[in-house]
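K.L.:
Predicted model, plus sequence, below.
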Amino acid sequence: MTAFILRRSLQSLIVLFVMSLLVFGGVNMVGDPVDMLISPEADQMEIDRVIRDLGLDRPVTEQYWYFLVNAFKGELGRSFIFGEPALKLIIQRMPATMELALFSLLLAVVFGIPLGVYAGLKPEGKLSRTIMAGSILGFSMPTFWVGILLIMFFSVNLGWFPSTGRGETATYFGMTSSIFTADGLSHLFLPAFNLALFKLSSVIRLARAGTREVILQDYIKFARAKGVQESRVIRVHLLKNIMIPIVTVIGLEFGSLIAFSTVTETVFAWPGMGKLIIDSIYNLDRPIIVAYLMIIVLIFVTLNLVVDILYSFLDPRVRIKGAK
């Protein structure tokens, strides 16, 4: 088991290095941030001074080397626009994005797994067909369009939920979040539901497919033949076996919820990392773009590592194959 974890950790470090090279090189090939920072009437001397101050007069290879050295120190550059460390700006916005992603994932899991299992146990029922039709709609509808519809219906017409902002926050156990207040939860629900819709559809279809496969296995038939209660058959024998692929997908989907929350945060004016990266791309603020992408890569790599370890606990065959 230790060798398996060490090998996966080494692979993760290699992925981080390769992705840092691709991200830094790709971002530095796009546009010229100096054009966004100086006045069109500035003379060449002023332009050269700004280029030197930003360190853009150095070769790209030298800039990348300094980026790596500073990254090991926990520094990912200073924002061209704000003049503050990029990592500090992102960390300030991270709690809002994390609570949005976590609440969205909670909605997808809490509703997706029971609905998927029910649709798998009774595939011909009208409710099951309705559930699967709804999952298809969840896959098909664009996130920004659904967000606008939610605002129009629940905020403008009905007035049930606020349409923008994070709402009131509170601090408990050293953690500040909007989930601790009623006003914060009312602000959180619509963007979280909008972000969770696609993931909810994925979990439903995955749980249904796993249920349809597992329900035909011999151990399910033997458990029922022995008179085991149907609730125990589902809870112990069925859910335990369909959770392996679901755990894998949920782990990866959480990373995508963080990475692709930009549209939802923009539509609902949610003050998270997604809105920050959209503004930074518009202003060609390279340090924030690079720092954000590297944090997202780190999140994905870490989640993959955690999922691999959890997978090895759920299915010992993974460890055996890895040892070979």
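P.N.:
Happy to help now that I have it.
K.L.:
by contact count, what packs against the top helix by length along the chain?
P.N.:
For the chain, the longest helix by residue count, based on DSSP state H, is helix 86-121. Counting contacts by 3 or more C-beta pairs under 8 Å, 6 or more residues apart in numbering; DSSP states H and E, helix 86-121 packs against helix 126-140, strand 175-177, helix 182-214, helix 239-259, helix 262-267, helix 273-283, helix 286-314. Where you see a C-beta, it was placed from the backbone N, CA and C, and this is true even at glycine.
K.L.:
could you give me the average pLDDT of it?
P.N.:
The average pLDDT within helix 86-121 is 84.
K.L.:
Any buried residues in it, and which?
P.N.:
Buried positions in helix 86-121, judged by neighbour count with 16 or more other C-beta atoms under 10 Å: 86-87, 89-90, 93-105, 107-109, 112-113, 115-121.
K.L.:
Give me the residue ranges of the stretch 201-324 of the chain where confidence is low.
P.N.:
219, 228, 230, 235-237, 251-252, 310-324 (pLDDT under 70).
K.L.:
Let's have the helices and strands packed on helix 86-121 in a markdown table, adding distance to Val27.
P.N.:
Compiled in a markdown table, the helices and strands packed on helix 86-121 are given as follows (distance: least, C-beta to C-beta, whole Å):
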| stretch | distance to Val27 |
| --- | --- |
| helix 126-140 | 31 |
| strand 175-177 | 31 |
| helix 182-214 | 25 |
| helix 239-259 | 16 |
| helix 262-267 | 16 |
| helix 273-283 | 10 |
| helix 286-314 | 5 |
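K.L.:
among these, which is nearest Arg58?
P.N.:
helix 286-314 (13.3 Å; C-beta to C-beta).
K.L.:
Output the contacting helices and strands for the closest one.
P.N.:
The contact analysis (3+ C-beta pairs under 8 Å, 6+ apart) places helix 286-314 against helix 2-28, helix 86-121, helix 239-259, helix 273-283, helix 317-323.
K.L.:
I'd like to check the angle between that helix and helix 2-28, please.
P.N.:
160 degrees (axes from the mean of the first three to the mean of the last three C-alpha atoms, to 10 degrees).
K.L.:
distance between helix 286-314 and the chain's centre?
P.N.:
Averaging C-alpha positions (C-alpha atoms, centre = their mean, to the nearest Å) puts helix 286-314 10 Å from its chain's average.
K.L.:
So which residues make contact with stretch 94-114?
P.N.:
166, 175-179, 188, 191-193, 195-196, 199-204, 207, 239, 246, 250, 253-254, 257-258, 261, 264-265, 270-274 (C-beta atoms under 8 Å, 6 or more residues apart in numbering).
K.L.:
now swap in stretch 118-125 and tell me
P.N.:
Residues outside stretch 118-125 that contact it (C-beta under 8 Å, 6+ apart): 127-128, 131-132, 204, 207-212, 215, 234.
K.L.:
For the buried ones among these, write the corresponding PyMOL selection.
P.N.:
To isolate the buried subset of the contacts of stretch 118-125 in PyMOL, counting by 16+ other C-beta under 10 Å, use the following:
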select buried, resi 128+131+132+204+207+208+210+211+215+234
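K.L.:
and which of the contacts of stretch 118-125 is nearest Leu56?
P.N.:
Distances from Leu56 to these, taken by C-beta to C-beta, are shortest for Ile204, at 48.7 Å.
K.L.:
residues touching the closest one, list them.
P.N.:
Counting by C-beta under 8 Å, 6+ apart, Ile204 touches Gly112, Leu115, Gly116, Ala119, Ile131, Met132, Gly134, Ser135, Gly138.
K.L.:
May I see these organised as JSON lines, with distance to Arg49 added?
P.N.:
Output for these, formatted as JSON lines (distance: C-beta to C-beta, whole Å):
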{"residue": "Gly112", "distance to Arg49": "55"}
{"residue": "Leu115", "distance to Arg49": "61"}
{"residue": "Gly116", "distance to Arg49": "60"}
{"residue": "Ala119", "distance to Arg49": "64"}
{"residue": "Ile131", "distance to Arg49": "62"}
{"residue": "Met132", "distance to Arg49": "62"}
{"residue": "Gly134", "distance to Arg49": "59"}
{"residue": "Ser135", "distance to Arg49": "57"}
{"residue": "Gly138", "distance to Arg49": "52"}
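K.L.:
Out of those residues, which is nearest to Leu298?
P.N.:
Nearest to Leu298 among the contacts of Ile204: Gly112, at 26.6 Å, using C-beta to C-beta.
K.L.:
Give me the nearest residue to that closest one, chain neighbours excluded.
P.N.:
Among residues not flanking Gly112 along the chain, Val203 sits closest, at 2.9 Å (C-beta to C-beta, 6 or more residues apart in numbering).
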